[in-house]
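Chemist: Quick one: sequence and predicted model below, then my questions.
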Amino acid sequence: MYRQDAIDAEMLADRVAEFRAQAERRLAGELTEDQFKPLRLMNGLYLQLHAYMLRVAIPYGTLSPLQLRRLAEVARTYDKGYGHFTTRTNIQFHWIKLRDAADILERLGEVGMHAIQTSGNCVRNITADPYAGAAADEIDDPRVWSEAIRQWSTFHPEFSYLPRKFKIAVNASPGADRVATRVHDIGLYLTRDDDGALGFKVFVGGGLGRTPYVGPLIRRFLPAGRLFSYLEAVLRTYNRYGRRDNPNKARIKILVASLGPEAFAREVEDEWEKIGTSTDLPDTELARIRGAFSTIAFEQLPATSATFEAARRSDPALARFARNNLRPHKRPGYAIVEVALKAIGATPGDIAAEQMEAVADIAERWAQSDIRVTHEQNLVLPHVKLDDLPAVHAALAAAGLATANANQITDIIACPGLDYCALANARAIPIAQAIAETFADPDRSELIGELKIKISGCINACGHHHVGHIGILGVDKKGEEFYQLTLGGSGAEDAEVGKILGPALPAPRVARAIDELVEVYLRLRGDGERFLDTYRRVGMAPFKEAVYADAH
């Protein structure tokens, strides 16, 4: 993985020293909250309902064991013993004291971590496929490009005060989108042209929140070597024409929708021509970055493992885990392991300090010291030998991390909601827990198959509810928490915004409504159909009838 150099270390140390002085002035009463707010947000520090929250960047979702252990230390020393992974692959600590914030940033900086650009109207954390370097069908390693974009965009003077926050994702597998690329401000699909040259499909203007859009394709093939001048052209166009008078209409998705994708693309092309090639990444710099991601020495192994097969036959728990949480690897004798942070009754995305340390130990011993965070609030061990899978499963089980429900109905995305967030209208965590408990039977969960439920506590859509197969949005009705359901969304390669099922439901009714929707699906599904496939084939009517029959 990429490791910071002396310049990175000096920059982080300087930033911590600057923030320490700012925080001390706030604690001494020399700065008002209004004066301090933009300073703390530049360092990822939010003021939520009960305490400060620190959002730490995990670029393209990649962590080393050393970094994960440092996050565990922060959780244990400065928080309540846990952290929360988000849909941008960041980690949040929700119980931070202002007097400790600079010390935390200093400890993180020592291992190359920070909270820079995790807030503000700038280019936020770059996200990428969590199977990077392991997926058999990837065009190129998306971490290489994500790291290059991270370096280019960090402290970029022209793009530090955009009309609104800006999110970029990089996808590398033509048949699978594991990073919700098309609901980003810029979505990049690695591809090759007819001559085999490497490049990108460029989607611009996706996004969720108050007005959700799936990003349209504005360039079918961008030569890889021209990426940075083209990104600059997109951002300059947005900086010039994006609305600054209304934060609800300031995202680039509104600009693209108002101009139309073709007109917006022409503006970008005109700007790109003016920029020329002067800001494109030199081949030598790209090679330097690429070198950081090509250090794994895979062994020559047979495609199957007698050790693993014997263990799977004798251990039903391992067999279930293998069915649901293992993915094929590009190298024979290896597997990709999904570590679901979605135990029944737990808070989706939460992980205790002791669990972080356990994952760090497992990665160090059996998984090439490589850990990934997914936008679905789970972890991935991307390089595990088949021979080692029984030991890995046993170690995960001992840490309470062997829940075998990846991509199933209990693998729910949920934002922190009204339990923590000052912007939320309703709670998300208890709804997720109630649904998971309703479908706690693992046999039933497997029978249902892939079904992605996503929950947001407000219209800002941090839980990606718009693109859930079943989406759930918390709304406030005269001080009471209600929940609006949507069906048919997807954040994958078949990206689509879901449609509203009907009137919002009170909190106690939500889990039963999900059960009713599932029963309709099980009754109507064809061979091999997921919930999403059945919904798309039969339409909304039977699902709506099942949930609202008592209202007629």
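Modeler: Received the coordinates, thanks.

Chemist: The closest residue to residue 122 other than its chain neighbours: neighbour count?
Modeler: By the measure of CB to CB, 6 or more residues apart in numbering, the closest residue to residue 122 outside its immediate chain neighbours is residue 160, 5.1 Å from it. For the C-beta atoms, the positions are set from N, CA and C on the backbone; glycine is no exception. By the criterion of other CB atoms under 10 Å, residue 160 has 15 neighbours.

Chemist: so how far is residue 38 from residue 160?
Modeler: 12 Å (CB to CB, to the nearest Å).

Chemist: can you list residues touching both of the two?
Modeler: Shared contacts of residue 160 and residue 38 (CB atoms under 8 Å, 6 or more residues apart in numbering): residue 120.

Chemist: Give me the nearest residue to residue 460, chain neighbours excluded.
Modeler: With sequence-adjacent residues excluded and distances taken as CB to CB, 6+ apart, residue 460 is closest to residue 209, at 5.5 Å.

Chemist: what's near enough to touch that neighbour?
Modeler: By CB under 8 Å, 6+ apart, residue 209 lies in contact with 251, 459, 460, 461.

Chemist: one more time with 7 Å
Modeler: Residues in contact with residue 209 (CB atoms under 7 Å, 6 or more residues apart in numbering) are 459, 460, 461.

Chemist: Output these in TSV, with secondary structure appended to each entry.
Modeler: Shown next, in TSV, are the contacts of residue 209 (DSSP: H, G, I helix; E, B strand; the rest coil):
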residue	secondary structure
459	coil
460	coil
461	coil
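
Chemist: of these, closest to residue 311?
Modeler: For the contacts of residue 209, the residue nearest residue 311 by CB to CB is residue 461; the value is 41.7 Å.

Chemist: what's around the closest residue in space to the closest one that isn't next to it in sequence, how many residues?
Modeler: Sequence neighbours aside, residue 208 is the residue nearest to residue 461 in space, at 3.8 Å (criterion: CB to CB, 6+ apart). Other residues near residue 208 number 29, with proximity taken as other CB under 10 Å.

Chemist: Might one say that residue 208 is in contact with residue 466?
Modeler: Yes - between residue 208 and residue 466 a contact is recorded at 4.9 Å, counting by CB atoms under 7 Å.

Chemist: host element of residue 220?
Modeler: Taking DSSP states H and E as the definition, residue 220 sits inside strand 217-223.

Chemist: who touches the next helix or strand after that strand?
Modeler: For strand 217-223, the following helix or strand on the C-terminal side (DSSP H and E) is helix 227-241. Helix 227-241 has contacts (CB under 7 Å, 6+ apart) with 152, 159, 162-163, 186, 200, 204, 222, 252, 255, 267-268, 271-272, 275-277, 279-281.

Chemist: Keep only those of these that are in helices.
Modeler: Using DSSP state H, the members of the contacts of helix 227-241 that fall within helices are 152, 252, 255, 267, 268, 271, 272, 275.

Chemist: okay, now the fourth one: neighbour count?
Modeler: For residue 267, the count of nearby residues is 19 (other CB under 10 Å).

Chemist: now swap in the first one and tell me
Modeler: Applying other CB under 10 Å, we find 18 other residues in the vicinity of residue 152.

Chemist: which one is it nearest to, not counting chain neighbours?
Modeler: Excluding its sequence neighbours, the residue lying closest to residue 152 (CB to CB, 6+ apart) is residue 228, at 5.7 Å.

Chemist: per-residue confidence at the one you found?
Modeler: Residue 228 carries a pLDDT score of 97 in this model.

Chemist: Then residue 499?
Modeler: 98.

Chemist: Backbone dihedrals for it, both of them.
Modeler: Dihedral pair for residue 499: phi -110, psi 140, per degrees, to the nearest 10.

Chemist: pretty sure residue 356 contacts residue 72?
Modeler: Yes - under the criterion of CB under 7 Å, residue 356 makes contact with residue 72 at 3.8 Å.

Chemist: the more surrounded of the two?
Modeler: Taking neighbours as other CB under 10 Å, residue 356 and residue 72 compare with residue 356 leading, 28 against 23.

Chemist: Name the SS class of that one, please.
Modeler: If you use three-state DSSP, then residue 356 falls in the helix class.

Chemist: Just the helices from the stretch 1-150 of the chain, written as ranges.
Modeler: Remark: helices assigned in the stretch 1-150 of the chain by DSSP state H, counting those that start in this stretch are 6-27, 33-41, 65-78, 98-109, 142-153.

Chemist: can you redo these as CSV with mean pLDDT and distance to residue 509?
Modeler: Shown next, in CSV, are the helices of the stretch 1-150 of the chain (pLDDT from 0 to 100; distance: least, CB to CB, whole Å):
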stretch, mean pLDDT, distance to residue 509
helix 6-27, 96, 44
helix 33-41, 97, 37
helix 65-78, 98, 35
helix 98-109, 98, 40
helix 142-153, 97, 41
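
Chemist: quick one, what contacts the spatially most central residue of the chain?
Modeler: The chain has residue 375 as the residue nearest its centroid, 2.1 Å off, counting by CA atoms, centre = their mean. The contact partners of residue 375, by CB under 7 Å, 6+ apart, come to 87, 88, 89, 127, 179, 180.

Chemist: for those residues, which one is nearest residue 298?
Modeler: residue 179 (23.8 Å).

Chemist: so who does that closest one touch?
Modeler: Listed by CB under 7 Å, 6+ apart, the contact set of residue 179 reads 127, 128, 129, 169, 171, 375.

Chemist: In terms of helices and strands, where is it?
Modeler: Per DSSP H and E, there is no helix or strand for residue 179.

Chemist: Could you check the pLDDT of it?
Modeler: 97.

Chemist: got it, and the one 5 residues further on?
Modeler: Model confidence at residue 184, given as pLDDT, is 98.

Chemist: List the contacts of it.
Modeler: Counting by CB under 7 Å, 6+ apart, residue 184 touches 167, 168, 169, 206, 215.

Chemist: are any of those residues buried, and which?
Modeler: Neighbour counting over the contacts of residue 184 (16 or more other CB atoms under 10 Å) leaves 167, 168, 169, 206, 215 as the buried ones.

Chemist: Return the subset of those lying in strands.
Modeler: 168, 169 (DSSP state E).

Chemist: Quick one: the buried ones among the contacts of residue 184 as JSON lines, columns for pLDDT and distance to residue 543 too.
Modeler: Listed next are these as JSON lines, based on pLDDT from 0 to 100; distance: CB to CB, whole Å:
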{"residue": "167", "pLDDT": "98", "distance to residue 543": "31"}
{"residue": "168", "pLDDT": "98", "distance to residue 543": "35"}
{"residue": "169", "pLDDT": "98", "distance to residue 543": "30"}
{"residue": "206", "pLDDT": "98", "distance to residue 543": "26"}
{"residue": "215", "pLDDT": "98", "distance to residue 543": "27"}
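
Chemist: Rebuild the buried ones among the contacts of residue 184 as TSV, extending it with distance to residue 427.
Modeler: Shown next, in TSV, are those (distance: CB to CB, whole Å):
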residue	distance to residue 427
167	25
168	31
169	28
206	27
215	30
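
Chemist: and of the buried ones among the contacts of residue 184, the nearest to residue 122?
Modeler: Distances from residue 122 to these, taken by CB to CB, are shortest for residue 167, at 10.4 Å.

Chemist: give the contact list for that closest one.
Modeler: The contact partners of residue 167, by CB under 7 Å, 6+ apart, come to 124, 184, 185.

Chemist: could you dump these to TSV with distance to residue 398?
Modeler: Formatted as TSV, those follow (distance: CB to CB, whole Å):
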residue	distance to residue 398
124	35
184	37
185	41
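
Chemist: thinking again about what came up before, of the contacts of residue 375, grab the buried ones for ChimeraX.
Modeler: Filtering the contacts of residue 375 down to the buried ones (16+ other CB under 10 Å) takes a single ChimeraX command:
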select :87,88,89,127,179,180
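
Chemist: Take the contacts of residue 375 and write them to JSON lines, including distance to residue 316.
Modeler: JSON lines is the format used below for the contacts of residue 375 (distance: CB to CB, whole Å):
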{"residue": "87", "distance to residue 316": "32"}
{"residue": "88", "distance to residue 316": "36"}
{"residue": "89", "distance to residue 316": "32"}
{"residue": "127", "distance to residue 316": "35"}
{"residue": "179", "distance to residue 316": "33"}
{"residue": "180", "distance to residue 316": "33"}
